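[1] sequence and predicted structure, then a few things I'm wondering about:
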Amino acid sequence: MQREPSIPQLKENHITYEKQEMKGETVHFVSLPWSYLLAGLALFIVGILDYNLLGNLIGHPEHPTTGEYIGQGIAVFLGGVSFFYTVGLIPLIVGIFMLIYCLFSMKKIEIANNGSLCKIQERKLVFPTFSEINLPDINQIKYTNTGLKFKHTWILLFIPMAVRILQFGIPLFGEPLAQDEILPTMMVITALIDILVAIFILLYPNHQLTFDSEWKKYILNFFPMKKNQEISEEVCKLLDLYIDPSETEENLWEVFRNQNDSKGGKQGKQRNYFRIIFSMIVLIASIIGTSAEFLWGTDLSMVGLTFGAYVLLQAFQNDLSEETLVTIDQHQKKSKYRVKNGRYWTSIRFCDIDLKNGLWRKTQFRSVNFTDILGMGLLVYLSTLEFLWSWRFLNIFNGLILVDLILTTIMWGVIICGCFIYLLIPLNYLVFNYGNSQDSYQIYPPTTKFISVGDFHTLKKSLFLPSLKKESIFRIFGFAIIVLLTLITAIF
């Protein structure tokens, strides 16, 4: 039976330009989405340059529908559009929207905590808000600097587009029919800006503060101008998220054995290099395929570059753990969790923790999202297709074709094994039971391993654990369906 909110009349997202009274300890700072600002300026500038240098023609050069032909060629088809529309239009539009977003997202934030009530005021140009949060009703408070919205969108949008532009732009250098080098130069510059913007935004995401209760969730996104460490300590201490490493002397792995008496544990530097190595292999093969038209075809290379960049960034944010801290307060029934991965960190406080089964370790498969499924599905499908066609058109009297066949076969095996490990090697997770909810976070064993749990000699046993059997069958079945579709495509 759910509790009723103890203070239902609190203000929530109340729009006001007036400064509110803030009692108790207070933290205030200026929020400016500087990563979006720099990215938006770069895209806007390169878009304007494309517009001026590549022209805005629509129609035949001698009979334009609109715009003027300035001698930089026609894209798509004769009588189509100037190269600005295929190269610079999307960066220009995205850059404008980013700059508008920055204008309306600049704000001064003030957070106050008097012990039972948390007040948050966002003073900004449009729709300034004030909210009151009753802390006794909150089950979880989470603060992280990896809270980027639509983070997968940037790679899926910019990387494939940039690769296509480079494929068409680089061969145009030295083209005898071209009157100058403006077109290929702008194509290369635009593509490189697209790639750098996608990586830059993902490397410097926004901060996110979340208050989660049984009835609703309050989320505050911001880009503090203070240094990461300074704002992290201030906010964590204000909201009781801070963990002193001296409080957690016990090895975190021992917490699972005597958690009834434990006050928490810590774990030092841990590394999981699987996703880094796998993504680098995919990226290198894709770069070779794109630039030399050897080993991999154009479509597979584009998928490899996009998915490889995505996995590499995921690995840097999640797989290079510097420190993991967990505390358990038996008296107040709460637990704190903090993990630091390089410059990225997450701090969480769980309230109303289940003292009997509040903290435990379980083995489960790596969680995957739509981008993971799409990327691996396309990698397996296209690499299997290239592998089958390489053998189908084998010419043993051509040394170059034989080398290509051998390397293609090796890379196909790497992709199959890599995706198998990604999907079907189970990992260790910390599980927190609090209130009526449950959250889990990946944790590494005391010894550094290439694959965090998954010793292959325990793979069979792990796959058919009662808790994993249904999901393992589902994942293996999906893997088999992709391979079957590839075989049908190759044959027919």
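    Everything's here; your move.
[2] now do the helices in the stretch 151-300 of the chain.
    For the stretch 151-300 of the chain, the helices defined by DSSP state H, counting those that start in this stretch occupy 151-169, 182-203, 228-238, 252-255, 274-292, 298-318.
[3] show me the contact partners of the first one.
    Looking back up the chat, that one is helix 151-169. Here helix 151-169 makes contact (CB atoms under 8 Å, 6 or more residues apart in numbering) with 87, 90, 94, 183-184, 187-188, 190-192, 194-195, 197-198, 201-202, 205, 290, 298, 301-302, 305-306, 309-310, 313, 369-371. (Glycine included, C-beta is placed from N, CA and C.)
[4] and those, which are buried?
    87, 90, 94, 183-184, 187-188, 190-191, 194-195, 197-198, 201-202, 205, 290, 301-302, 305-306, 309-310, 313, 371 (16 or more other CB atoms under 10 Å).
[5] packing partners of the helix or strand hosting residue 374?
    For residue 374, the host element (DSSP states H and E) is helix 370-392. Under the contact criterion of 3 or more CB pairs under 8 Å, 6 or more residues apart in numbering; DSSP states H and E, helix 370-392 touches helix 151-169, helix 298-318, helix 399-424, helix 469-491.
[6] let's see that with 10 Å instead.
    Here helix 370-392 touches helix 151-169, helix 274-292, helix 298-318, helix 399-424, helix 469-491, going by 3 or more CB pairs under 10 Å, 6 or more residues apart in numbering; DSSP states H and E.
[7] relative to helix 274-292, how tilted is the first one?
    It refers to helix 151-169. 20 degrees (axes from the mean of the first three to the mean of the last three CA atoms, to 10 degrees).
[8] and helix 151-169, how far out from the chain middle?
    16 Å (CA atoms, centre = their mean, to the nearest Å).
[9] equivalent analysis for the second one, please.
    Taking CA atoms, centre = their mean, one finds helix 274-292 lying 19 Å from the centre of the chain it belongs to.
[10] sorry, back to before: out of the helices of the stretch 151-300 of the chain, nearest to residue 83?
    Residue 83 lies closest to helix 182-203 among the helices of the stretch 151-300 of the chain, at 6.1 Å (CB to CB).
[11] looking at the closest one now, give me its mean pLDDT.
    Mean pLDDT, computed over helix 182-203, is 89.
[12] off-centre distance for that helix?
    The chain centroid and the centroid of helix 182-203 are separated by 19 Å under CA atoms, centre = their mean.
[13] stretch 11-30 too?
    Taking CA atoms, centre = their mean, the mean C-alpha location of stretch 11-30 is offset from the chain mean by 31 Å.
[14] ditto for stretch 304-315
    Remark: stretch 304-315 is offset 9 Å from the chain centroid, using CA atoms, centre = their mean.
[15] with stretch 223-240 instead?
    With CA atoms, centre = their mean, you get 22 Å for stretch 223-240.
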